[in-house]
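1. make a model of this:
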Amino acid sequence: MKCIILAAGVSTRMKPLTDSLPKCLLPVGGKPILQRIIENVHDVGIDSIGVVLGYKAEDIRAFVKRTFPFGRIRFLMNPKFESTNNAFSLLMAREFYLSEARKNAPLQDLLILDSDIVFSSRLLPYLLIQKPPNRIAVRVQGEHDEEEIRVKVDRDRNIQMIAKTTPVMETYGESIGIEVFSPAAAAELFEILERRVRTGSGRMEFYEASFQELISRGVAIAAVDISKYPSAEIDTPEDLAYAEDVLVPLLEE
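-> You can find the predicted model right below:
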């Protein structure tokens, strides 16, 4: 399995905290968020990691090299990070994902993570043992609001709709920003991302718009309820305070 971590964004809602540090390097429980993520990825046996950089790229690069000096971590650039969204950043990892296939090696499964998620070390092992080849980690328990990327599912818990526009009353849960795709689905996803970026509004889209097109094409993507494993997406200073005060003690249990 290969892993892509998206860490290119400016994170304007986190200012002034991100004036001197990129969001993914903000500490939670005394440890930078990105360090927690890479450690969790390594712990499930994945060592081929691509990190997409943009804002304060050199700070992130230096930190990762210093903290994981022997890791198989490649750095990928979104040169237009100030004028694009995370769909464009994900597209910048296409060659990293396809590199072995260029050498006639088989494609691997793909794990995608946003770089601003603090989550239990037990979450990835649980997600990776699930049977559906394509799956998205979804927090079902708790309240849901208009800010979230929400999912609507069918009776088999396959996702029918994934977007911020999913009606709250039809919401099964919140996508937390961790996804697994089979080789076939990942290859198709990158084809969709490239076409949308080149011909449509893909430059400013969330990557979930391309997930939705995959679903519309008939690719089954399962919603995996990870509610029992604490997690939080850090979008605002309030989220950071919540993670520090509430989430960290749960992670240490």
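2. now do the end-to-end distance for stretch 142-157.
-> This stretch, stretch 142-157, spans 18 Å end to end (C-alpha to C-alpha, to the nearest Å).
3. tell me which residues in that stretch are buried?
-> Neighbour-count burial for stretch 142-157 flags H144, E148, I149, R150, V151, K152, V153, R157 (criterion: 16 or more other C-beta atoms under 10 Å). In this view, the C-beta of every residue, glycine as well, is placed from N, C-alpha and C.
4. starting at the chain centroid, how far to it?
-> The chain centre lies 17 Å from the centre of stretch 142-157; the measure is C-alpha atoms, centre = their mean, to the nearest Å.
5. show me what it is in contact with.
-> Residues outside stretch 142-157 that contact it (C-beta atoms under 8 Å, 6 or more residues apart in numbering) are 136, 138, 159-164, 166-168, 170-175, 177, 206, 208, 222-223, 227, 235.
6. middle-most residue in this structure, spatially?
-> L113 (2.4 Å; C-alpha atoms, centre = their mean).
7. all strands of the stretch 1-150 of the chain, in order?
-> Taking DSSP state E, counting those that start in this stretch as the criterion, the stretch 1-150 of the chain carries its strands at 2-7, 27-28, 31-32, 48-53, 72-77, 110-114, 117-119, 135-139, 150-153.
8. gap between I162 and T171?
-> Distance, I162 to T171, using C-beta to C-beta, to the nearest Å: 10 Å.
9. then V138?
-> 10 Å.
10. cool, and N86?
-> Taking C-beta to C-beta, one finds N86 at 21 Å from T171.
11. of the two, give the one with the bigger neighbour count.
-> More neighbours surround N86 than the other of N86 and T171, with 22 against 18 (other C-beta atoms under 10 Å).
12. wait, the more buried one touches F206, no?
-> Yes: between N86 and F206 a contact is recorded at 6.0 Å, counting by C-beta atoms under 8 Å.
13. ok, which stretches of the chain are helices?
-> With helices called from DSSP state H, the chain shows them at 33-43, 57-67, 86-91, 94-102, 123-128, 183-199, 208-216, 237-242, 248-251.
14. please identify the most buried of the ones you listed.
-> Among the helices of the chain, helix 86-91 has the highest mean neighbour count (mean count of other C-beta atoms under 10 Å), at a mean of 24.
15. can you get me the start-to-end distance on stretch 38-50?
-> 11 Å.
16. how far off centre is stretch 67-87?
-> Distance, centroid of stretch 67-87 to centroid of chain: 13 Å (C-alpha atoms, centre = their mean).
17. please identify the buried residues of that stretch?
-> By neighbour count on 16+ other C-beta under 10 Å, the buried set for stretch 67-87 is F68, I73, R74, F75, L76, N78, F81, T84, N85, N86, A87.
18. kindly list the single helix or strand of this structure that scores lowest on mean pLDDT.
-> The weakest-scoring helix or strand in the chain, judged by mean pLDDT, DSSP states H and E, is helix 94-102 (a mean of 87).
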